[in-house]
Structure formats: structure tokens, C-alpha cells
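**Q** Just a sequence and a predicted model for now, questions to come.
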Amino acid sequence: MFEHPAVLSVMELGFSKDILTKVITVYRKRHGTDLCAEKLLHIVWEIEENYDMDVIPEDDIIETKQANHNQEERECERTCEDTELTKKDEITKTKGIDELTEENRELREQKICKVCLDEEASIVFLPCGHLVTCPMCASALRKCPVCRTYIRGTVKAIIS
């Protein structure tokens, strides 16, 4: 309640929180919940002119304090919800990173020579078209390691 810009601007003029609590109670009864610094100031002046500080019943002040407490609880709940959403976002991002890492590993695995597991596979076997070995391992093979057909020719694939 005392963090609202309209209330802060009236507080800067030197009015106490006790006066402002009573002023806000009167304001809310007259104008609703949207606070306006100018209207708050007019109510402060009315109260000072008429010395009506004691005219406001204690029940109204208690209601204002309860309303403030409820508002603080709602703000706390919103903060908790925001924190939970942030945690969920972080978990989702972590899962996304894990999935990308796994996909990257699988793609690297697909590019590696299936015979020596060291070099990048760059030789395509003819007639089957399998791309599974590096040049060193391809020269030692007579059959395709995938489909076991006789290799009639090879082509070096340039993968960029």
C-alpha cells in the first residue's frame, strides 16, 4: 500500500503513515482502489481542516490493514509462482541442452568410420551406395560391411 507511487508522492510531502492509512481508507470508500496523488492530497487537507482524524472508525482502519495484508499475500504468491516458472524454464532449457548434446553425439557417430572408429567416413561403395568407411579401411575391403555386396568401385564423398 505504501509502495504505490501516489502514496509515495504524498509521503514525500511529510505526512505520516498513520495519516496516510486513514486517508487511504477514506479515499477507497469514495473513489475505489485506483489511487491518485492529487485526490489523496485533497483528502489529507480535508482531514487537517476539519480535524476529523478521529472520525474514521477503527473498523475501517482494520479493514484497510487486512486489505493490505491480503494484497501482500497475493504479491508473495505471484513471486512464488514466478520463481516456480523460472525453475521450470531452467529445467526445460537443461532438457533441451541434453537433447541437443545427445543428437550431436549421434550425428558424430554416424560420420565416423565403422571399421576403425577413428577417422571420418568419406568413401561411398558402388553399387550399394553405403557411406561407412574412411579411405584407409575402404582399400582393405572386398565386401560392403553393411550389406555384404561385392564392392565394384568407390567414390570419395566430400562432406562440408
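**A** Cool, the structure landed.
**Q** C-alpha only now, for contacts and for neighbours.
**A** Noted.
**Q** quick one: the residue nearest the centre of the chain from Val10, how far?
**A** Centroid check for the chain by C-alpha atoms, centre = their mean gives Thr86 as the closest residue, at 4.6 Å. Per C-alpha to C-alpha, to the nearest Å, Thr86 is found 36 Å from Val10.
**Q** and what of Glu90?
**A** 42 Å.
**Q** for Ile43, same thing?
**A** 11 Å.
**Q** Now do the shared contacts for these two.
**A** With contacts defined as C-alpha atoms under 8 Å, 6 or more residues apart in numbering, no residue is shared by Ile43 and Val10.
**Q** domain ranges for this structure?
**A** 5-106, 112-160 (automatic domain parsing).
**Q** The last one: end-to-end distance?
**A** Taking C-alpha to C-alpha, domain 112-160 runs 14 Å from one end to the other.
**Q** from here on, count from 40
**A** Happy to do that; since the first residue is 40 now, the last one works out to domain 151-199.
**Q** Name the nearest residue to Ile162, ignoring sequence neighbours.
**A** The shortest distance from Ile162 to any residue other than its chain neighbours is 4.7 Å, reached at Lys195 (C-alpha to C-alpha, 6 or more residues apart in numbering).
**Q** Least confident secondary structure element in the chain?
**A** Lowest mean confidence among the helices and strands of the chain (mean pLDDT, DSSP states H and E): helix 97-150, at a mean of 71.
**Q** What is the helix or strand following that one packed up against?
**A** Heading C-terminal from helix 97-150, the first helix or strand you meet, by DSSP states H and E, is strand 162-165. Under the contact criterion of 3 or more C-alpha pairs under 8 Å, 6 or more residues apart in numbering; DSSP states H and E, strand 162-165 touches strand 170-172, strand 192-195.
**Q** Let me know which of the domains of the chain is tucked in deepest.
**A** domain 151-199 (a mean of 16; mean count of other C-alpha atoms under 10 Å).
**Q** how far out from the middle of the chain is that domain?
**A** Mean C-alpha position of domain 151-199 versus that of the full chain (C-alpha atoms, centre = their mean, to the nearest Å) differs by 47 Å.
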